Every structure is written in structure tokens, then in C-alpha cells.
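**Student:** turn this into a model:
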Amino acid sequence: MSHTIGPVRLGPGARAALRPAVVGIDAGFWLDRREVNARTSIPQGPELLESAGNLHNLRLAAGTTEGEFQGAYPFVDTDVYKWLEAAAWQLAQEADPDLEAHVDRIIGLVAGAQQPDGYLNTWFQLVKGGEQYQDLRWGHELYCAGHLIQAAVAHHRATGRDELLDVARKFADQVDSVFGLPGSGKPLDGIDGHPEVETALVELYRETGERRYLDLAAYFVDRHGHGLLGGEAYCQDRVPVREATDVEGHAVRQLYLLAAAADLATETGEEELRTASERLWHAMTTTKTHLTGGLGAHHDEEDFGDPYELPNERAYCETCAAIASVQWSWRMALLSGEARYSDLIERTLYNGFLAGVSLDGERWLYVNPLQVRDGHTDPGGDQSARRTRWFRCACCPPNVMRLLASLEHYLASTDADGGLQIHQYVNARYTGAPGVTVRCETDYPWHGTIALTVEETPAEQPWTLSLRVPQWCRDVRVRCGEESYDGPVEDGWLRLERTWTPGDRVVLELGMEPRLTAADPRVDAVRGCVAIERGPLVYCLEQVDHPGGGLDDIVVDTTRPLAVKHRPDLLGGVTTVVAAGRRRHIPDRGWWPYSPVGPSSESSSGTSVQQHGEPVELTAIPYYAWANREDGSMRVWLPTS
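**Tutor:** Numbering: from 1, shown residues only. Purely as a prediction, here's the structure:
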């Protein structure tokens, strides 16, 4: 089995600056997380899908069992498809007869549930009497088709087998026979309320070479924003992509649509679509992205919110939105060659994404707030701030599984000149153009030393090794062999061009001093606060590390230095950051919690309260590791007064 081709395989005529390279992760931080995914998360999938009724629904649609539809949503089939995709990418890594048997069995269930015309959606087949495409606003039929296609492409690339691809193509052909512009002879001009099928159809075109799938993807992208679903921003129908100036509405829907726009710009070379993608990415990152890379300000409608509306305890930051952000940014990195997209990928992977799964791989977060207040009561459920075994709307867990299982495909690229670009630093072997292999050894993200050894290189043929210098890093040193390198960092890239020989060694040193970070002053929710970061990691405080009280009365002393302490005994082995702070003594204000501020009420302003508060040592842990011990309060942003 081969893992040379991942979720994004550019077509032969793609107008992209870069193409994905081959990376084999073999040690370190991300191998550990992927091992948990492979040994715990993915194997438990069939049992959870059985207990939640997803597999029962497929049998019911196939007529091989009796009973009632199980599940609360019309898109429950996608939980199966995303798990199949995750399992396929895992099988591309290593043979696993038990996993392969589960995959074969579930593919059989999927194929058995498909109607003769190619249509497949158990909700509409079982609950809605077989009606098709009558509820595009909420029905998720094309969304389900998209995840089926992506699973089928993954399975075909991982195993070379056609069983699931045949099912997906049959469904895609049925969709193609139904949807089209007025005058096209197709019966329906419409879009799905949840984009997803668009980028899947692009990948189906890349896998099969059939141009009509690319054209169908372009049709769906183009028809968003023309009022076919009432003109609502929630379902990406208020304004066409090419005209949009800001990201808006349901965050995951927006990001899946924009990933497809980037795919189309890549395959067609359309400049207007590329410009719109760049404009919208910039708008998102500058005004609507949390420090963790999380996206989505509102629980209501899972919405982006307004510019600089970045709440803490009510942050939505759905795990699926973090995954969609990685998918979109990777496509933009390949299209443009710019390092900023991989900067956001790094931030999102280590923080907003990885927090979505527990360290043991068995529990999940649907939403990822940046604060849990003292005394917080949590009823549980999908939007809980406590980790949950599974969800009624279980979109996030198998989504995490599939990204972790395919992670190596988001780490490096190659270009038309034979160069190798390393976007993310992991213990791995990176293979770019034919005959180019570089070995990377590092303890990143805990340490900033990244040692790269050229293992294979074409004889007497120069090529460029490009190393991304992270946006957060202010201290960079490079050695080529025994010599220091003083070349410039241009647009986030350190480019080393030369004729290499096997054994050549480059050592990149990224300064990893912990730092305090402040937000744009227009972010009202964190004005007067700072956050702790170190390397690519965002840190947080948890109540369990601060006995004697909660966290709401904690202030950090920004005049005192931060200290680093590695804790192999804590949370699977993490580096903590220790800061000086105080626990404020807030006076009793009686029945009214507000006070005047002025010369005569200095103690009410907070200044003297901080000075006379109880000193306390603050222990900050990586944000991705929170909620893995006892329940309690948590916060990323810390008041300074």
C-alpha cells in the first residue's frame, strides 16, 4: 500500500505554485497523537456507529433489517463516510486486517443502501418516503454525497480498489443528471444549504479525469449567493463568492465553500476566484480568528460574528471549523506558495484543532471555548465545555480522525524546479522531486532545534530547500554544515539554494522563549488581558493547577519573567510555563456589583487590589491538553489588573 497521494491531488494542468510532497512521520509529537488515533479513536468507530444507529439505518435502507430510523439529523450518514475516509488513510499507512475487514463490511452496507438510480441518503429514503432534493435548505443531501465521494477517493488512493468509488461515482452521476442552470435541460437549479459536495467533486475529477465533475463543482460554487435558498448568509447564499468582502454565516459552511473556490482557482487558473479567496482569507485572519486558530463567535447558528467579535467563554470555535480552516489554508498554500497560510495551519493544528480530542483518544469537544468560568455548570451535550464520549451530532470526532490519519499530506511540498518546501516541522522523511529526500529530526514543539539531513539528491543538480520561519518567531539562526547562514527571510521562507550532496546538514534554531501576547485593542472581550504562548503553542490556566480558589480573581504580573518547566509526569509529558500572579482580594460591594471609579475610589479601580492581592505562582499548560483531568475553570486570556 502507498501513502504517496493524500486528500488533495492536483490535476496535471493545475495552476499551482506548489504540489504536495511525500512525508513519512516516524517519531515525536505528531506520531504520538497519530498512534492514539490509529490504536484507539479509529478502532472504536464501528462500535460507536453501531450504537448510534448509523449502520442500522444503512441496513434498513437496504432492506436487510427491520425497525425505525435512528438519529436526529438527516446527515447521519456522513459520520460513516468520514470514518471510512479516516480508516482508508490509516490503511495507507500500514496493513491492518481487522480494520480492513470493518471497512469492507461497512462499504458493503453503503453499497447495499444505494438506490438503483444512484441516490443515497438514509434519512430521505426511510423518513421522507424517498423524496429527493425537496429540502435543499436543511436536507444535507449533497453534503452527504460530498463526504461519500471523499471517502471513496481516499479508499481508492489507499487501496487501489473500486468498490466504494463505484458507489460514489454512481451518486455523483445522479447529481449531475439533476442539477444545472436554467436552459441546461437539467430539472433543478439549486444548491445545498451546507457546502461540501463542491470540493469533493473537484477531487473526483482529479481521481477520474472526468471534466464534468469539475464543471459540476464550478456550477455549485457559482450558484451560491444568488438567492436560491432565500439569500441567507447562514447557508452561504447572500453574496456570490467572487463579490464577497468578508467571511460570514455558518463558519464550517463558509470554509468548505472557500476550499472549493481555491480548488477551482487552482484547476482553472481563474484569477477572479483566486483574488476573492485571498481577500476572504485575509478578512478572516485579521478580524475573526481566535488566538488558537479557532473560528466561530456565536453558538447561535454557529456563526462567524462581526469583525473583532471574539468572545472567550461563549466562543464557539467548532472543531470541524478548525479542520475546515486547515483544509482551505493548505489549498491556498499550494495555490500561492505563500508561507502565511501554513502559519495559520500550524497555529490551528497545535491549538484549535488538537484540543478537540482527548489525550486518550476516547473523548471529544465539539466547541472549544477560551474560558470556563469558576462555578460553571454544564448540562452536557454537543455544545458542552466538558469532553464527551460521542455526540448526537457526531460530525467532529470522525472529522478529527480523518485529518490525523492524513496529516502527513499537509506538511511539505515541491515545486516545478525540483525544490522542497517544509511547511511543518516533524520527525519525518520528506520526499520532494524525484531523487530528493531530506530527513528531519526535532523535538518540536517543545524545543526549537530542527536538524535536516539531505539523504538523497540528484548529482550536480542544484535545487532549493525552503524552510518556513513561523510568524511568531523573532529569533532565527541557521547553520549549513559548520557555517552560519545569514541569508534573508523572504515572505516567511528561508530559501537555501545549492548543489547538495548526501549527508549535507542544515540546523534551524527557532527561539522558543515564552511570550505574553496582547490582542488588537478592538477585541473588546480581552482588552486589558494577555495570553501566554511558547513556540506554536497557546497556553491556558486550569483550576486543578491552582488550589485555593478559582481563576476569575487571578491577575498576571507582566513585569516578572516567564519560566519554562518540562513536566514529563504531566498530561503525557508537556512543557509548562510558570508566571507570577496575584489572587485579587475583591471587597464586598453589597447587593450591587458596580462601583464608581475616581481618585476617592482607588481600591475599586483594581490597581491597589492587584498590588495587595495574594501572590500566586501560575502554571500554564498547552491549550490542547486542557479538560483531560478533573472538571474546573480554565482561561487563556489573563487580566493584567
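
**Student:** give me the contacts around stretch 445-457.
**Tutor:** Outside of stretch 445-457, the residues within contact range by Cβ atoms under 8 Å, 6 or more residues apart in numbering are 29, 350, 422, 425, 429, 435-444, 463, 465, 467, 473, 500-512, 535-537, 566, 574-575. The way it works is simple: take the backbone N, C-alpha and C, and place the C-beta from them, glycine included.

**Student:** mark which of those are part of helices, please.
**Tutor:** residue 29 (DSSP state H).

**Student:** return the subset of the contacts of stretch 445-457 lying in strands.
**Tutor:** If you go by DSSP state E, the contacts of stretch 445-457 have 422, 429, 437-442, 463, 465, 467, 505-510, 537, 566, 574-575 in strands.

**Student:** are any of these buried, and which?
**Tutor:** The neighbour count (16 or more other Cβ atoms under 10 Å) marks 422, 429, 437-442, 463, 465, 467, 506-510, 537, 574-575 as buried among the ones in strands among the contacts of stretch 445-457.

**Student:** restricting to C-alpha, output stretch 146-166 in CSV.
**Tutor:** Provided in CSV are the C-alpha atoms of stretch 146-166 (Å, rounded to 0.1, in the frame of the first residue of the first chain):
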residue,chain,number,x,y,z
GLY,A,146,-19.6,15.1,-0.8
HIS,A,147,-18.4,13.1,2.2
LEU,A,148,-19.2,9.8,0.5
ILE,A,149,-17.1,11.0,-2.5
GLN,A,150,-14.2,12.0,-0.3
ALA,A,151,-14.3,8.6,1.5
ALA,A,152,-14.4,6.8,-1.9
VAL,A,153,-11.4,8.8,-3.3
ALA,A,154,-9.4,8.1,-0.1
HIS,A,155,-10.2,4.4,-0.3
HIS,A,156,-9.3,4.2,-3.9
ARG,A,157,-6.0,6.0,-3.4
ALA,A,158,-5.1,4.0,-0.3
THR,A,159,-6.0,0.5,-1.7
GLY,A,160,-6.5,0.8,-5.4
ARG,A,161,-9.9,-0.8,-5.1
ASP,A,162,-13.1,0.4,-6.8
GLU,A,163,-16.0,-0.8,-4.7
LEU,A,164,-16.7,2.5,-2.8
LEU,A,165,-15.5,4.6,-5.8
ASP,A,166,-18.2,2.9,-7.9
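
**Student:** how about that stretch: buried residues?
**Tutor:** In stretch 146-166, counting by 16+ other Cβ under 10 Å, buried: 146-159, 163-165.

**Student:** go on, stretch 198-210?
**Tutor:** For stretch 198-210, by 16+ other Cβ under 10 Å, it's 198-208, 210.

**Student:** give me the contact list for it.
**Tutor:** By Cβ under 8 Å, 6+ apart, the residues outside stretch 198-210 that reach it are 7-11, 145-150, 152-153, 156-157, 165, 168-169, 172, 211, 213-214, 216-217, 220-221, 256-257, 259-260, 263-264, 267, 327.

**Student:** can we see that at 6 Å?
**Tutor:** Residues outside stretch 198-210 that contact it (Cβ atoms under 6 Å, 6 or more residues apart in numbering): 9, 11, 146, 149-150, 153, 172, 213-214, 216-217, 220-221, 259-260, 263.

**Student:** what's the answer for stretch 369-388, then?
**Tutor:** 312-313, 315, 358, 363-367, 391-393, 550, 552, 627, 631, 633-636.

**Student:** give me the subset of these lying in helices.
**Tutor:** Nothing among these maps onto helices, per DSSP H.

**Student:** and the strands in the stretch 251-400 of the chain, which stretches?
**Tutor:** Applying DSSP state E, counting those that start in this stretch to the stretch 251-400 of the chain gives strands spanning 371-372.

**Student:** got any ranges where this structure has weak pLDDT?
**Tutor:** 1-4, 600-612 (pLDDT under 70).

**Student:** point to the residue nearest the middle of it.
**Tutor:** residue 323 (2.2 Å; Cα atoms, centre = their mean).

**Student:** from what I can see that residue touches residue 403, true?
**Tutor:** Yes - under the criterion of Cβ atoms under 6 Å, residue 323 makes contact with residue 403 at 5.2 Å.

**Student:** looks like residue 125 contacts residue 62 (just checking).
**Tutor:** No - here residue 125 does not reach residue 62: they are 9.7 Å apart, not a contact under Cβ under 6 Å.

**Student:** which one of the two is surrounded by more residues?
**Tutor:** Neighbour tally, residue 125 and residue 62, criterion other Cβ atoms under 10 Å: the higher count belongs to residue 125, 23 against 17.

**Student:** list the contacts of that one.
**Tutor:** residue 61.

**Student:** then residue 505?
**Tutor:** Per Cβ under 6 Å, 6+ apart, neighbours of residue 505: residue 453.

**Student:** quick check: bridge partners of it?
**Tutor:** residue 453 (DSSP bridges).

**Student:** ok, it to residue 159 distance?
**Tutor:** Residue 505 sits at a distance of 37 Å from residue 159 (criterion: Cβ to Cβ, to the nearest Å).

**Student:** what do you get for residue 185?
**Tutor:** Per Cβ to Cβ, residue 185 is found 37 Å from residue 159.

**Student:** same deal with residue 349?
**Tutor:** Here residue 349 is placed at a distance of 27 Å from residue 159 (Cβ to Cβ).

**Student:** packing partners of the strand or helix carrying residue 58?
**Tutor:** Using DSSP states H and E, residue 58 maps to helix 54-62. Packing partners of helix 54-62 (3 or more Cβ pairs under 6 Å, 6 or more residues apart in numbering; DSSP states H and E): helix 97-113, helix 122-126.

**Student:** want to throw these into TSV with distance to residue 272?
**Tutor:** What follows is the helices and strands packed on helix 54-62, written out as TSV (distance: least, Cβ to Cβ, whole Å):
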stretch	distance to residue 272
helix 97-113	38
helix 122-126	36
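
**Student:** what's around residue 183, how many residues?
**Tutor:** The local packing of residue 183 (other Cβ under 10 Å) involves 7 other residues.

**Student:** right, I mislabeled it, should have said residue 249
**Tutor:** Burial measure for residue 249: 19 neighbouring residues, criterion other Cβ under 10 Å.

**Student:** ok, it - contacts?
**Tutor:** Neighbour list for residue 249: 233-234, 236 [criterion: Cβ under 6 Å, 6+ apart].

**Student:** name the nearest of those relative to residue 105.
**Tutor:** Lowest distance from residue 105 to the contacts of residue 249 (Cβ to Cβ) belongs to residue 236, with 35.9 Å.

**Student:** how about the helix holding residue 58 as CSV, C-alpha atoms only?
**Tutor:** Taking C-alpha atoms only, helix 54-62 is exported to CSV below (Å, rounded to 0.1, in the frame of the first residue of the first chain):
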residue,chain,number,x,y,z
ASN,A,54,-25.9,4.9,11.7
LEU,A,55,-25.1,1.3,10.5
HIS,A,56,-28.6,0.2,11.4
ASN,A,57,-30.0,2.9,9.0
LEU,A,58,-27.9,1.6,6.1
ARG,A,59,-29.2,-2.0,6.7
LEU,A,60,-32.8,-0.6,7.0
ALA,A,61,-32.4,1.3,3.6
ALA,A,62,-31.0,-1.9,2.1
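
**Student:** now do that helix against helix 97-113, angle only.
**Tutor:** Calculated by axes from the mean of the first three to the mean of the last three Cα atoms, to 10 degrees, helix 54-62 forms an angle of 40 degrees with helix 97-113.

**Student:** just give the number of residues close to the nearest residue to residue 628 once chain neighbours are set aside.
**Tutor:** The shortest distance from residue 628 to any non-neighbouring residue, by Cβ to Cβ, 6 or more residues apart in numbering, is to residue 359 (4.9 Å). Using other Cβ under 10 Å, residue 359 has 19 other residues around it.

**Student:** residue 359 touches residue 627, doesn't it?
**Tutor:** No - assessed by Cβ under 6 Å, residue 359 is found out of contact with residue 627, at 9.7 Å.
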